[in-house]
Structures are given as structure tokens and as C-alpha cells.
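[1] coords please:
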Amino acid sequence: MPEPSTAFYHVTLTRNVPKILREGLHPRRGPRSRRLGESHKAVYLFKSREDAADGLSNWLGDELPEDEPVALIMVNLPADTQILDTTADYEIVVADSILPANLTVIALNW
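    Here you go, the predicted model:
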């Protein structure tokens, strides 16, 4: 279980940022998750900024539209956050919604 002050990172299209800052991040199983065989609704976070950059320059970058800018959001998880199992060393998979108060935009057009 992560400590309350532990920061993780979420990558999203920049156009999604206003809605995320209003409503927070909610567990989903979108088209990319279904295509990759994910079985649970979840919020996917990178363990470090470096992991996010690596994902964006590799598999995640391949999944996102080439002509759309992305944003990097820092996420501080509360101590009682439900973490799901994952086989990837670079990610944290969260079953709970994450409130806007726990989100900080680090970079737009990253």
C-alpha cells in the first residue's frame, strides 16, 4: 500500500485535463484497456515521471493520436486507496476514484 504522500503520474490527452481537474480520475475500462486484455475498471498510474516518459516514447505513445498533445498529472494517493495487482513494474493500478484535490498538472503539451 503506498504511503499518503507518495506521488504517482498519469498521462492523458491535454484536452482531457479540464474535465479531470473538475471531476477527478475514475476507474474505467476503455477501448485501449479492452484491447490490451485488462479485466477490471481501473485508473492506471506510472510509478515515476521517468516511467511515464518511457511509456509515452514506447507503447503508450503508439496508442495515442500522434497529432494531439499530452499532459502529465501528478497524483497523490490517500493511504486507504485500493491498489489492484499488476504484473508491470512501472505501474500502479487503482480501483478507486481519485479526487481533484489529489491531482496536480505537472506539464501540458508534454
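
[2] quick one, what contacts residue 90?
    46-48, 51, 54-55 (Cβ atoms under 8 Å, 6 or more residues apart in numbering). Where you see a C-beta, it was placed from the backbone N, CA and C, and this is true even at glycine.

[3] make TSV out of the residues you listed and add pLDDT, distance to residue 85 and secondary structure.
    Shown next, in TSV, are the contacts of residue 90 (pLDDT from 0 to 100; distance: Cβ to Cβ, whole Å; DSSP: H, G, I helix; E, B strand; the rest coil):
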residue	pLDDT	distance to residue 85	secondary structure
46	94	17	strand
47	95	15	coil
48	95	19	coil
51	93	18	helix
54	89	22	helix
55	87	19	helix
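
[4] so where's the chain uncertain?
    Judged by pLDDT under 70, the chain has its weakly predicted residues at 1-5, 30-39, 61.

[5] where do the helices of it begin and end?
    For the chain, the helices defined by DSSP state H occupy 17-23, 31-35, 49-57, 59-63.

[6] how about those helices in CSV, adding mean neighbour count?
    Formatted as CSV, the entries for the helices of the chain read as follows, by neighbours: other Cβ atoms under 10 Å:
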stretch, mean neighbour count
helix 17-23, 12
helix 31-35, 11
helix 49-57, 17
helix 59-63, 13
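
[7] residue 100 is nearest to which of the ones you listed?
    Nearest of the helices of the chain to residue 100, taken as Cβ to Cβ: helix 17-23 at 5.5 Å.

[8] how far does that closest one sit from the chain's center?
    Offset of helix 17-23 from its chain centre (Cα atoms, centre = their mean, to the nearest Å): 13 Å.

[9] packing partners of that helix?
    Contacts defined by 3 or more Cβ pairs under 8 Å, 6 or more residues apart in numbering; DSSP states H and E place helix 17-23 against strand 70-76, strand 103-107.

[10] any buried residues in the last one, and which?
    Read it as strand 103-107. When burial is assessed from 16 or more other Cβ atoms under 10 Å, strand 103-107 yields the following buried residues: 103, 107.
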